[in-house]
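> quick one, structure for this:
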Amino acid sequence: MVDTFTVPLQPYDAYYAARVPYVLAVVELVEQDNLKMVTNIVDIAPDDVRIGLAVEAVFVEVAPGVTLPLFRPTSA
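Presented below is the predicted three-dimensional model:
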């Protein structure tokens with residue numbers, strides 16, 4: 001579940017230069033004793049992200065040999 005988020009409009013790193021705007025979020029992993037992690041929300045327009053949005057992990061290779069857990073809205 002999305003706990004909080006922001007939508008950066010300027011990239012802080014060259015990797016994000018072609019990806020702005022993007023959603024930087026704190027996601028609460030309810031099934032993991034409410035562990036929270038910082039991540040990106042993908043597969044949704046930044047304007048449609050809301051606090052409390054149910055999300056699921058998706059593993060994305062962001063560079064050769066580098067896979068990160070990102071999150072997208074649940075399909076259910």
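> the lowest-mean-pLDDT helix or strand in the chain packs against which elements?
In the chain, the helix or strand scored least confidently by mean pLDDT, DSSP states H and E is strand 55-63, which has a mean of 93. Here strand 55-63 touches strand 66-73, going by 3 or more Cβ pairs under 8 Å, 6 or more residues apart in numbering; DSSP states H and E. From N, CA and C alone the C-beta is placed, and that goes for glycine too.
> rerun that using 10 Å as the cut-off
Contact here means 3 or more Cβ pairs under 10 Å, 6 or more residues apart in numbering; DSSP states H and E; on that basis strand 55-63 packs against strand 23-29, strand 35-41, strand 66-73.
> pLDDT below threshold where in this protein?
Counting by pLDDT under 70, the chain has low-confidence residues at 76.
> let's see 90
Where the chain drops to pLDDT under 90, the residues are 10-20, 30-34, 62-63, 75-76.
> what's the distance between Y16 and I51?
Here Y16 is placed at a distance of 22 Å from I51 (Cβ to Cβ, to the nearest Å).
> the two: which has the busier surroundings?
Y16 (15 against 11; other Cβ atoms under 10 Å).
> name the nearest residue to V26, sequence neighbours excluded.
Leaving aside its sequence neighbours, V26 sits nearest to D3 (Cβ to Cβ, 6 or more residues apart in numbering; 4.5 Å).
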